[in-house]
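*Asks:* Here's a sequence, model it:
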Amino acid sequence: MGKGGKSHEDAKDSEEENMAAWLVGLNTLKIQPFKLPPLGPHDVRVRMKAVGICGSDVHYLKTLRCADFVVKEPMVIGHECAGIIEEVGREVKNLVPGDRVALEPGISCWRCDLCKEGRYNLCPEMKFFATPPVHGSLAHQVVHPADLCFKLPDNVSLEEGAMCEPLSVGVHACRRANIGPETNVLVMGAGPIGLVTMLAARAFGAPRTVIVDVDDNRLSVAKILGADGVVKVSTDMQDIPEEVEKICEVMGAGVDVSFDCAGFNKTMSTALSATRAGGKVCLVGMGHTEMTVPLTPAAAREVDVIGIFRYKNTWPLCLEFIRSGKIDVKPLITHRFGFSQKEVEDGFETSARGGNAIKVMFNL
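*Replies:* Residues are numbered from 1 along each chain as shown. So this is what the prediction gives:
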């Protein structure tokens, strides 16, 4: 949880002890007490009601690391969340107990140059739920800054509120790539992030979206969610020229923007080759740290490569897209679990296995 908190060893017994799902070792999660920090004047205490599992949570469970972030001591997991306000700090004016809120999980410093420029997602001092050493939000209660808690419209459920976090990645990617009614969009990868990026592109007005994956089941979900075209591909680099031809055929027009939501040699090479001259490739997924890709031919066609990291100022727009019905995130939630030791273990196992699981959600 963003404000810190203490381990189970420091927790004193109380009438209603706050319990959380702790990552205590490789492939080992334990529900244990989690002592909350004192409530600051600008903080709120939130009772968690819906927490989703992200690919990064699974990475931490399976390897104790994700990219450069390494788990060195027990950590509370989870960061896609929504809940109900239980208590507010004395300076909090915009929220009251009983309000249903979605939580933006990252607390930036607001002092560095990047924060002052408004690019707070790049803040080097960012404290982000369940990014070591900061504790996450798969707990009965957390303490979080009030300005990072967004009130849910009446017709938006707590589960949909938790889905604002993954949806924010797609929204931020679409903003970075300037998606609009004149941009035909290719999405590489039909996992949870590929699917929310496709949904965001449609909401931003993209006239045509084509999504690519190696898995038939995920492609059929993409089609149900509104992809205009789907293309099944292989994992073989030799197939790229033929697959690019197929992608362009299915698109029926030039690919203006490609989103690589997987981040592998093959997906990035395909995106760079399929995008029209003067178009853009946005790297969203982080599969490989280093890649060998045909950058020179893409540069010769003035294809811009842009990166994204998390998101900034996306929650109000995500909530409006969901409230208005422009985006329906409900079909993405394929599995639900409660908050017992067995259910937490089963939920993570279901998410890690993949198969027909897209988003696994805990209901607390």
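*Asks:* ok, and what's touching stretch 236-243?
*Replies:* Stretch 236-243 has contacts (C-beta atoms under 8 Å, 6 or more residues apart in numbering) with Val212, Val231, Val233, Ser234, Asn265, Lys266, Ser269, Thr270, Ser273. Every residue, glycine included, has its C-beta placed from N, CA and C.
*Asks:* measure it end to end?
*Replies:* 10 Å (C-alpha to C-alpha, to the nearest Å).
*Asks:* Which positions in that stretch come out as buried?
*Replies:* Ile240, Glu243 (16 or more other C-beta atoms under 10 Å).
*Asks:* Repeat that for stretch 94-104.
*Replies:* Within stretch 94-104, the residues scored as buried using 16+ other C-beta under 10 Å are Leu95, Asp99, Arg100, Val101, Ala102, Leu103, Glu104.
*Asks:* So for the last one, what's the pLDDT?
*Replies:* Just to be clear, that refers to Glu104. What the model reports as pLDDT for Glu104 is 98.
*Asks:* Next up, the contacts around it.
*Replies:* Leu148, Cys149, Phe150, Glu165, Ser168, Trp315.
*Asks:* picking that back up, now, among the contacts of stretch 236-243, which is nearest to Ala190?
*Replies:* Val212 (7.5 Å; C-beta to C-beta).
*Asks:* Of the contacts of Glu104, which belong to helices?
*Replies:* Glu165, Ser168, Trp315 (DSSP state H).
*Asks:* how near is Arg310 to Cys282?
*Replies:* Separation of Arg310 from Cys282 (C-beta to C-beta, to the nearest Å) stands at 14 Å.
*Asks:* what residue ranges in this protein score low on pLDDT?
*Replies:* Along the chain, the parts satisfying pLDDT under 70 run over 1-15.
*Asks:* Walking through it, point out its helices one by one.
*Replies:* Ranges of helices within the chain are 55-63, 113-116, 158-162, 164-176, 192-203, 216-225, 240-251, 265-274, 295-300, 315-324, 341-353, based on DSSP H.
*Asks:* ranking those helices by burial, who's on top?
*Replies:* The highest mean neighbour count among the helices of the chain, using mean count of other C-beta atoms under 10 Å, belongs to helix 192-203: a mean of 27.
*Asks:* so who does Ala298 touch?
*Replies:* Leu272, Ser273, Thr275, Val281, Val305.
*Asks:* follow-up on the earlier one: widest-spaced pair of the contacts of Glu104?
*Replies:* Farthest apart among those by C-beta to C-beta are Cys149 and Ser168. That separation is 14.4 Å.
*Asks:* I figured Asp256 hits Pro181, correct?
*Replies:* No. With contact defined as C-beta atoms under 8 Å, Asp256 does not count as touching Pro181 (11.0 Å).
*Asks:* Who has more neighbours out of those two?
*Replies:* Taking other C-beta atoms under 10 Å, Asp256 and Pro181 do not tie; Asp256 has more neighbours (23 against 8).
*Asks:* Excluding sequence neighbours, find me the nearest residue to that one.
*Replies:* Leaving aside its sequence neighbours, Asp256 sits nearest to Thr183 (C-beta to C-beta, 6 or more residues apart in numbering; 4.2 Å).
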